[in-house]
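Participant: Return atomic coordinates for the entry below.
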Amino acid sequence: MRFNLLFVASFVTGAAVTLVNADWETFNVNLAGHWNSVHFTDAENGTMIGNLETDPVVVRTTDGGDSWADVTPDAATERMWHHDFGSSTTGWIVGFSGTIWKTGDGGATWSAQTSGTTESLNGIDATSATEAWIAGNKGTLLHTTDGGTTWTPVVVIEGTNKDFEIVSFGSAEAGCVFGEDDLVYYTADGGATWTKATRSVSWFGVSYDIDDAIMLNANDGWLCGNSEIDKTSDGGKTWENVENPATFEFGGTVYGPILLALYFVTPDTGWIANHDGSIYITLDGGTTWEEQNQLDSMQVKELCFIDAAHGWGCGNDSLLISTSDGGGGITGSKFSGSRAAGSPGPIIRSLPGLASIAADFHLDDASDVGFRLLTSKGELVAQLAAGQYSSGSHRMNCNLGVLSSGLYSAVLTIDGQRFSRTLTLMK
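Facilitator: Below you'll find the predicted structure:
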């Protein structure tokens, strides 16, 4: 018996219900290098930076990633680590040996700026078209309020050799700097003074480097590093450990995979990615997580979302992924490459129209078919079909408009073979 299967999900914008599929389809850009940072200012305009061996590369799209142009500055020689935009047109790139590049035209062209340091600059947070913060090695923290004409050193820790990796401000006054050996310092006065945060390190009680972090507002923020996930609700003063969704026990000890990237659009809704390519979503501030997909051990190094639906990820081995529904129906970049080999198998697609899901399938022979909707705990929400179906094409629908926000599973069985997709319902 042979059959073809396609799960379909509707996607409603501006309505009470948004359905997000939790399956990520993998694509490659087929370049012999690694992407370090991706940033989109809206659904169409984005940039990505990386290094092809030791050569820096900057690419830009104006059509949502369907095509990419190489906009690497001719004079660029140092490796690039991170970039950010303070407006739709103004952004900066930072990198090795004090490198700073600025654009004022949405990434089409870039001009060099003087940082005043030769230390590696690792992370930048552009809070506006004129103000930005840069974190770098050996305690380097730079600040500009004039669009980068001048970059002023800021002392966080006197005489430190600790490397700062990330800086993030949730408001004009409140921000944090993150670095090696579990380092977190916070400010509540716009960077005039800095105080070491209170942390509870649970990863075997040892220090680790923080790989990604974000402050969403003056109070709420998230960080990850090694197998730790932490969140703050007091501007970075204290951090609470959140359970890693991929932990496992071996020999009486609990282990978890290394977490490389995260992004949150609200204090409750966000995504994390670990070193084996798994991506997880939470809708309740980390109380529960749902795995969206595993990208065949491809490492996502950075995630970027402009809202709860539209996001991008980049990483090693030329990886570039994007979604228009919060993690489902991933599409691939066409920049100097094509879709990765292999069939994605059953997928969930987003279609305009009803707040519903549908399972479309074709049977070559008569078969026993079942279609159920379950909660994340496996409780039955609805039995949508059960019985024998004739050969031919079939569609089964389920209206989701009456359900509460949460995680659900749509399960289709055909002659005992089980196909399922996890759905995220957000109201």
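Participant: and the residue nearest the centre of the chain, what helix or strand is that in?
Facilitator: The residue lying closest to the centre of the chain (CA atoms, centre = their mean) is L303, at 2.6 Å. Per DSSP states H and E: L303 is located in strand 300-305.
Participant: That strand: partners in the sheet, and parallel or antiparallel?
Facilitator: Using DSSP bridges, strand 300-305 pairs in its sheet with strand 311-315 (antiparallel).
Participant: Grab the CA positions of the partner strand and hand them over as PDB.
Facilitator: Provided in PDB are the C-alpha atoms of strand 311-315 (Å, rounded to 0.1, in the frame of the first residue of the first chain):
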ATOM      1  CA  GLY A 311      12.300  34.800  11.800                       C
ATOM      2  CA  TRP A 312      15.600  33.800  10.500                       C
ATOM      3  CA  GLY A 313      18.600  31.700  11.600                       C
ATOM      4  CA  CYS A 314      22.200  31.300  10.400                       C
ATOM      5  CA  GLY A 315      25.100  29.200  11.400                       C
END
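Participant: From the contact counts, what lies against the helix or strand that comes right after it?
Facilitator: Remark: after strand 311-315, the chain's next helix or strand is strand 320-323, criterion DSSP H and E. When contacts are defined as 3 or more CB pairs under 8 Å, 6 or more residues apart in numbering; DSSP states H and E, strand 320-323 sits against strand 311-315, strand 331-332. Quick note: C-beta positions are derived from backbone N, CA and C, even for glycine.
Participant: Quick check: which of these is buried the most?
Facilitator: Neighbour counts (mean count of other CB atoms under 10 Å) averaged over each of those peak at strand 311-315, with a mean of 26.
Participant: domain parsing for the protein?
Facilitator: 3-9+348-426, 24-332 (automatic domain parsing).
Participant: which one of these has the lowest average pLDDT?
Facilitator: Lowest mean pLDDT within those: domain 3-9+348-426, a mean of 68.
Participant: three-state assignment of S97?
Facilitator: helix (DSSP: H, G, I helix; E, B strand; the rest coil).
Participant: burial of it, as a residue count?
Facilitator: 13 (other CB atoms under 10 Å).
Participant: State the distance from it to T232.
Facilitator: As judged by CB to CB, to the nearest Å, S97 and T232 stand 33 Å apart.
Participant: same deal with T375?
Facilitator: The separation that T375 has from T232, given CB to CB, amounts to 30 Å.
Participant: just G98 next, same as before
Facilitator: 30 Å.
Participant: if you count what's nearby, which of those two comes out ahead?
Facilitator: T232 (26 against 22).
Participant: Is that one bridged to anything, and to what?
Facilitator: Residues in beta-bridge contact with T232 (DSSP bridges): G221.
Participant: That one: what's it in contact with?
Facilitator: 197, 219-222, 238-240 (CB atoms under 8 Å, 6 or more residues apart in numbering).
Participant: before we move on, what about A126?
Facilitator: Per CB under 8 Å, 6+ apart, neighbours of A126: 84-86, 90-92, 132.
Participant: ok, now H143?
Facilitator: 131-134, 151-152, 154, 191.
Participant: cool, and N217?
Facilitator: By CB under 8 Å, 6+ apart, the neighbours of N217 are 170-171, 174, 267.
Participant: picking that back up, between the contacts of A126, which has the most around it?
Facilitator: Ranking the contacts of A126 using other CB under 10 Å puts A132 first, with 28 neighbours.
Participant: measure the nearest residue to it once chain neighbours are set aside to T269 for me?
Facilitator: Using CB to CB, 6 or more residues apart in numbering and skipping the chain neighbours, the partner closest in space to A132 is A126 (4.2 Å). Counting by CB to CB, the separation of A126 from T269 is 23 Å.
Participant: and if you look at Y280?
Facilitator: Where T269 is concerned, Y280 sits at a distance of 12 Å (CB to CB).
Participant: same thing with G159?
Facilitator: 40 Å.
Participant: neighbour-wise, which of the two wins?
Facilitator: More neighbours surround T269 than the other of G159 and T269, with 18 against 7 (other CB under 10 Å).
Participant: follow-up on the earlier one: is the residue nearest to the centre of the chain in a bridge, and if so with what?
Facilitator: G313.
Participant: Assess the claim that it and N274 are in contact.
Facilitator: No. Using CB atoms under 8 Å as the test, L303 is too far from N274 to be in contact (11.8 Å).
Participant: ok, N316 - how many residues close by?
Facilitator: With other CB under 10 Å as criterion, N316 counts 17.
Participant: That one contacts K301, correct?
Facilitator: Yes. Between N316 and K301 a contact is recorded at 6.7 Å, counting by CB under 8 Å.
Participant: shared neighbours, these two?
Facilitator: By CB under 8 Å, 6+ apart, the residues touching both N316 and K301 are 34-35.
Participant: separation between V94 and D220?
Facilitator: Between V94 and D220 the computed distance is 25 Å (CB to CB).
Participant: out of these two, which sits in the more crowded spot?
Facilitator: V94 (28 against 20).
Participant: show me the contacts for the more buried one.
Facilitator: Counted by CB under 8 Å, 6+ apart, V94 has contacts 80-83, 100, 121-124, 134, 136.
Participant: In three-state terms, how would Y408 be classified?
Facilitator: Y408 ends up strand, using three-state DSSP.
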